[in-house]
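In: From the sequence below, what's the structure:
(one chain, ligands or ions: 1)
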Amino acid sequence: MTVSSRPIAVVTGASSGIGEQYARRYAREGFDLVLVARSENVLQSLANELAAAHGVHVEVHAADLADAGAVTVLVDKLTKELPRLDHLVNCAGVAPNGDLANANESALRQMIDLNITALTLLTRAAIIRMRASGTGTVVNVASAAGYQPMPHMAAYAASKSYVLMFTEAMYEENRRHGLRILAVSPGDTATPMSANPEKARKPEQVVDTTWRAMSKSAPAVVDGAANSILTTLVTRALPKRLGLRIAERMFRDMA
Ligand SMILES: NC(=O)c1ccc[n+]([C@@H]2O[C@H](COP(=O)([O-])OP(=O)(O)OC[C@H]3O[C@@H](n4cnc5c(N)ncnc54)[C@H](OP(=O)(O)O)[C@@H]3O)[C@@H](O)[C@H]2O)c1
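Out: Purely as a prediction, here's the structure:
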């Protein structure tokens, strides 16, 4: 990464959907960027576009973050190689939904490696680097599905519960070190991951919600009023068994 006076943001999952919109927003806000995902060509054309439009440096880091060795390489970049690290957005994620009995074993393993292991190790690396400079922001993308157990998407929803709980704990652990750690939970959002893109919220809205939340003090934010009401309802009002039955009915066709 070429040294400049601009802050640096690293965005994982930047080749598509919500992560791509984070990349666009950071470039607009005048950050230099490191874009991470597997699709190198897609990242490179986004990097060229953002560098030309906003006059920022944009580096492409192609990596399969379900691979332990590739995570170590990125950890080293965050802790040692970048001239500075101001923001990390852990947005890369996959959602192999359906009943656990029908799920592909290696897809499940990759999901856990990406959604949980890579996110944890990259957060750790960023926090080590940011504590040393006394400032920095980590945004971890969880999900509204992480707020309660979800039949027919059990492992994915549980991986996002992990992201939520882990990130909220990181928020408190790092507050006195001057760091801002935030969990962002989108509901259904119009990306290739969505089953109902025409009814879903837009990825740009998730990014706007993140931007507003970064300047406030809450450890977590849910994107969209309806999603926010729903997550409050399931965590504070609905009896657990009723919540499970409603969710099972809602997602039965994914079985
Ligand atoms: N869309 C929704 O309705 C929704 C709702 C709640 C939460 N979320 C969360 O939002 C985040 C972004 O999802 P999205 O909706 O924007 O989906 P998306 O458009 O499918 O984007 C997923 C991103 O993750 C990257 N990725 C996938 N596997 C990877 C791997 N092994 N290594 C590195 N990068 C990998 C993909 O890039 P490559 O394929 O190029 O590697 C892509 O950039 C995810 O964490 C997801 O769980 C989404």
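In: The closest residue to residue 81 other than its chain neighbours and the ligand, how far apart?
Out: Leaving aside its sequence neighbours, residue 81 sits nearest to residue 1 (C-beta to C-beta, 6 or more residues apart in numbering; 7.7 Å). In short, each C-beta sits where N, CA and C put it, glycine included. Per C-beta to the nearest ligand atom, to the nearest Å, residue 1 is found 19 Å from the ligand.
In: Give me the number of neighbouring residues for residue 1.
Out: Neighbour count for residue 1, taken as other C-beta atoms under 10 Å: 17.
In: show me the contacts for it.
Out: Neighbouring residues of residue 1 by C-beta atoms under 8 Å, 6 or more residues apart in numbering: 8, 32, 34, 57, 59, 81, 82, 83.
In: Count the neighbours of the nearest residue to the fourth one once chain neighbours are set aside for me.
Out: Read it as residue 57. Nearest residue to residue 57 in three dimensions, chain neighbours excluded: residue 32, at 4.3 Å (C-beta to C-beta, 6+ apart). Residues lying near residue 32 (other C-beta under 10 Å) number 26.
In: How about the one 5 residues further on?
Out: Burial of residue 37, expressed as a neighbour count using other C-beta under 10 Å, amounts to 25.
In: Ignoring the adjacent residues along the chain, who's closest to it?
Out: Spatially, and ignoring its direct neighbours in sequence, residue 37 is nearest to residue 15 (3.7 Å; C-beta to C-beta, 6+ apart).
In: I'd like to know how far residue 230 sits from residue 221.
Out: The gap separating residue 230 from residue 221 is 14 Å, by C-beta to C-beta, to the nearest Å.
In: So these two - more neighbours on which side?
Out: Ranked by neighbour count (other C-beta under 10 Å), residue 230 and residue 221 place residue 221 first, with 20 against 17.
In: how about the nearest residue in space to residue 30 that is not next to it in sequence, what does it touch?
Out: Excluding its sequence neighbours, the residue lying closest to residue 30 (C-beta to C-beta, 6+ apart) is residue 6, at 5.8 Å. Applying C-beta under 8 Å, 6+ apart, we find residue 6 in contact with 30, 31, 32, 56, 57.
In: and those residues, which are buried?
Out: For the contacts of residue 6, a burial check counting by 16 or more other C-beta atoms under 10 Å picks out 31, 32, 56, 57.
In: of those residues, closest to residue 211?
Out: Lowest distance from residue 211 to these (C-beta to C-beta) belongs to residue 31, with 12.3 Å.
In: residues in contact with the strand or helix carrying residue 226?
Out: According to DSSP states H and E, residue 226 maps onto helix 225-232. Applying C-beta under 8 Å, 6+ apart, the contact partners of helix 225-232 are 144, 147, 148, 185, 186, 187, 201, 222.
In: Near the ligand, list only the ones from the residues you listed.
Out: residue 186 (C-beta under 6 Å from any ligand atom).
In: What helices and strands are in contact with the biggest helix by length in the chain?
Out: Counting residues, the longest helix in the chain under DSSP state H turns out to be helix 154-175. When contacts are defined as 3 or more C-beta pairs under 8 Å, 6 or more residues apart in numbering; DSSP states H and E, helix 154-175 packs onto helix 105-111, helix 119-133, strand 136-141, strand 179-185, strand 220-222.
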